[in-house]
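Visitor: have a look at this fold, sequence not included:
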């Protein structure tokens with residue numbers, strides 16, 4: 001099965017619909033309804049010019065999406081998104097998403113594991129700490145896609 005087919009079929013229950021609306025790239029997000037940092041991340045991505053469709057789901061449904069996409073606990077953030085052929089896991093900066101879509105690497109997606117305090121949507125105590133955005137290859141290995149300080 002092609003990666004695109006897998007991503008679309010694996011998440012069809014929660015993220016139904018086409019990946020593109022006209023010429024605008026749509027980022028589809030599943031998140032907890034009570035998570036303020038997820039809401040702030042969605043706003044960050046929208047402010048960068050992306051169209052975002054966010055769906056609030058319970059924790060079990062969110063973990064099911066992560067499991068179907070092959071997002072391991074080590075790579076997990078607090079929300080999961082799909083854009084074109086890629087997953088976006090956690091507080092990935094919008095600039096990294098734009099670069100991913102421009103370069104189109106043969107990979108599964110991007111992740112910012114955990115919840116770094118300086119990542120978009122977090123900005124609390126400890127803000128300014130460095131963090132990395134990781135590119136997740138098709139074999140599940142990772143490499144640093146971008147460093148943020």
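Guide: Cool, the structure landed. No experiment lies behind these values; they were computed from the predicted model shown.
Visitor: show me the residue sitting in the middle of this protein in space.
Guide: residue 88 (1.9 Å; C-alpha atoms, centre = their mean).
Visitor: dump the residue contacts of residue 107.
Guide: By C-beta atoms under 8 Å, 6 or more residues apart in numbering, the residues touching residue 107 are 86, 135, 136, 137, 138. C-beta: built from backbone N, CA, C; applies to glycine.
Visitor: and what of residue 75?
Guide: If you count contacts by C-beta under 8 Å, 6+ apart, then residue 75 has 89, 111, 113, 134, 136, 142 around it.
Visitor: residue 148: which of the residues you listed is nearest?
Guide: Closest approach to residue 148 among the contacts of residue 75 (C-beta to C-beta): residue 134, at 11.7 Å.
Visitor: residue 39 versus that closest one, what's the distance?
Guide: Noted for residue 134: a distance of 23 Å to residue 39, by C-beta to C-beta, to the nearest Å.
Visitor: compare neighbour counts for those two and give me the winner.
Guide: Between residue 134 and residue 39, residue 134 has the larger neighbour count (other C-beta atoms under 10 Å), namely 23 against 18.
Visitor: against residue 84, how distant is the closest residue to the more buried one other than its chain neighbours?
Guide: Excluding its sequence neighbours, the residue lying closest to residue 134 (C-beta to C-beta, 6 or more residues apart in numbering) is residue 142, at 4.3 Å. According to C-beta to C-beta, residue 142 stands 20 Å off from residue 84.
Visitor: same check on residue 40?
Guide: 23 Å.
Visitor: how about residue 64?
Guide: Counting by C-beta to C-beta - residue 64 and residue 84 are separated by 22 Å.
Visitor: what about residue 84, distance to residue 107?
Guide: Counting by C-beta to C-beta - residue 84 and residue 107 are separated by 12 Å.
Visitor: partner residues bridging the residue nearest to residue 134?
Guide: Note on residue 142: beta-bridge partners by DSSP bridges are residue 136.
Visitor: show me the contacts for it.
Guide: Neighbours of residue 142 in contact, by C-beta under 8 Å, 6+ apart: 75, 111, 134, 135, 136.
Visitor: report the two of those residues separated the most.
Guide: The distance between the two most remote of the contacts of residue 142 (C-beta to C-beta) is 10.9 Å, for 75 and 135.
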